[in-house]
Structures are given as structure tokens and as C-alpha cells.
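Chemist: for reference, the sequence and a predicted model appear below.
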Amino acid sequence: MAEKPSIVLVHGFWGGAAHWANVIVELHRRGYDKLHAVENPLTSLADDTERTRKMVKQIDGPVLLVGHSYGGAVITEAGDLPNVTGLVYVAAFAPDAGESPGQISQEMPPAAGENLAPDSDGYLWIRPDKFHESFCQDLTADEALVMAVTQKAPLASTFGDNVTTPAWRTKPCWYQVSAQDHMIHPDNERRMAERMNPRKTVELDAGHASLASQAAAVTDLITTAAAG
């Protein structure tokens, strides 16, 4: 049998590596023990890509990169490393060369765009009282409360950072669309998925935090990619 790849999970804006908790447990149950979750600073695409690259370079053997939300932009930029064998996008940005997440969002504004609030230090937050309906409406109120209080705000300027060389143009990729996403317009997700010509696209009746609300289905796609 082919060697199972190491799986590197890359979080997006307004959360950290722990957003992958349910997927990590599910992957472990299915026999995947070479699991890693990057904790990115969310200070710039360059900084986050460098942090992800450093983790991937520490791993011997093949690596499958999995990105949620803005983490999709990170794996798009970092995925050209030679040991990266594939890319999985989970309700994620997949910019082309010269595109940024902000530009993509402006083309089709998401439903919850008005619930973002910058602070005086340049960080961009989801208003805590709007977090549940914006980010994870299909989780419980308690789960949403924890996510809202522990949200990791990005520097707003990171939204405007452009991808240079998109790895999805040369690496096998898979995409999960969240049909009820309020943070990235679902039609934007469909458009990004279609143009990358993925080996498989899965559409879930889920909000933005599908990695938490539908971890089993997300893990199904990841294991399909890992076996591919």
C-alpha cells in the first residue's frame, strides 16, 4: 500500500488550530496518526505562508495540505513545496495569481460582511454578538460563544495580500463548498472550485465552520484526497 501522507491542517481568520478539533479526532479514529495543525499569526499572507512552509519542511515524506477559509490562500501559496502531494479546500479561498481574499470577497460580498468590525490597532473582528449567525450558525449557542470569545482576529491588511503562484494549478486538489456560508459567498466557493478543476467537489448544507459542524463529511473528503 502507498504510504499515508502526513496531514497538515491550516486554519483561517477568526480562529486557531483548535478549530480543527473535530476533524483531528475523526482522522485519528480512521487511522491517520501523522497529523499536524499550524498555528498561524494571521499578520500577513507572507508570514502565514512562511510558518506553514516551516512545518511542512520538518516533515519527512508526502504531505497533504488542508486549508479552511483564509487558510486556503495559505495552502495555495505554500503548496508548491516538493513533498506536498495535494491540496484540500474546506469552504476556503483559492486565489489565482494576483488575487487576494479581499478582492474575491468584494466581487461577491458575503452575507455577514457587515458584521466585521476593525479596531484601532488594525485588527478585524467579527462582532461577538453576531459571531454565531455569521461564522457557525449550525453549531450550538455554547460552541459559538466559545468561538466568539476565543476568536483570533487577523490584521485587516492581510485581506489585501495577493497570491503569487497558485499551487492548485499544478497539484491535485479537492474542494468542499458550504452552501449556507455567510463569510464567503457560496457562489464564490463554487466559482473557485470550478476553475481549479478539482478531482472532487463536495457541497454540504453547512455554514462557514463546516470543519466543526460536519467534521465527518469533511474528513471523508480529506481521506479521499489522502488515498488519491
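Modeler: Okay, I see it.
Chemist: need the strands for the protein, in chain order.
Modeler: Residue ranges of the strands in the chain, as given by DSSP state E, are 6-10, 35-38, 63-68, 84-90, 116-118, 124-126, 173-178, 200-204.
Chemist: sheet partners, orientation included, of the fourth one?
Modeler: Looking at strand 84-90 with DSSP bridges, its paired strands and their directions are strand 63-68 (parallel), strand 173-178 (parallel).
Chemist: got the CA positions of that strand in CSV?
Modeler: C-alpha atoms of strand 84-90 as CSV (Å, rounded to 0.1, in the frame of the first residue of the first chain):
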residue,chain,number,x,y,z
VAL,A,84,3.2,18.4,-0.9
THR,A,85,1.1,15.9,-2.9
GLY,A,86,-2.3,17.5,-2.8
LEU,A,87,-4.5,20.4,-1.5
VAL,A,88,-7.9,20.2,0.2
TYR,A,89,-10.0,23.3,0.4
VAL,A,90,-12.7,23.5,3.1
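Chemist: which other residues reach it?
Modeler: With C-beta atoms under 8 Å, 6 or more residues apart in numbering as the contact definition, strand 84-90 has outside contacts at 5, 56, 62-69, 71-72, 75-76, 78-79, 167-168, 171-176, 192-193, 198, 210-211, 218, 221-222, 225-226, 228. To be clear about C-beta, it is placed using only N, CA and C from the backbone, and glycine gets the same treatment.
Chemist: for burial, what's the neighbour tally of the spatially closest residue to A94 that is not a sequence neighbour?
Modeler: Of all residues not flanking A94 in the chain, M192 sits nearest, at 4.3 Å (C-beta to C-beta, 6 or more residues apart in numbering). As a burial measure, M192 scores 24 neighbours (other C-beta atoms under 10 Å).
Chemist: how near is the closest residue to P95 other than its chain neighbours to F13?
Modeler: Closest residue in space to P95, ignoring its immediate chain neighbours: V163 at 4.1 Å, by C-beta to C-beta, 6+ apart. If you measure V163 against F13 using C-beta to C-beta, to the nearest Å, the figure is 16 Å.
Chemist: returning to what we had before: comparing the strands paired with strand 84-90, which comes out most buried?
Modeler: Using mean count of other C-beta atoms under 10 Å, the stretch among the strands paired with strand 84-90 with the greatest mean number of neighbours is strand 63-68 (a mean of 28).
Chemist: from the chain's centroid, how far away is that strand?
Modeler: For strand 63-68, the distance between its averaged C-alpha position and the chain's averaged C-alpha position is 8 Å (C-alpha atoms, centre = their mean, to the nearest Å).
Chemist: G61 contacts N83, correct?
Modeler: Yes. Applying C-beta atoms under 8 Å as the test, G61 and N83 come out as touching, 6.7 Å apart.
Chemist: distance of the residue nearest to the spatial centre of the chain from T164?
Modeler: For the chain, the residue sitting closest to the mean C-alpha position, by C-alpha atoms, centre = their mean, is H68 at 1.2 Å. H68 sits at a distance of 21 Å from T164 (criterion: C-beta to C-beta).
Chemist: also E50?
Modeler: According to C-beta to C-beta, E50 stands 13 Å off from T164.
Chemist: same question for Y32.
Modeler: Counting by C-beta to C-beta, the gap from Y32 to T164 is 31 Å.
Chemist: compare the two (neighbour count), which wins?
Modeler: Looking at Y32 and T164 with other C-beta under 10 Å, you find the greater number of neighbours at Y32, namely 19 against 14.
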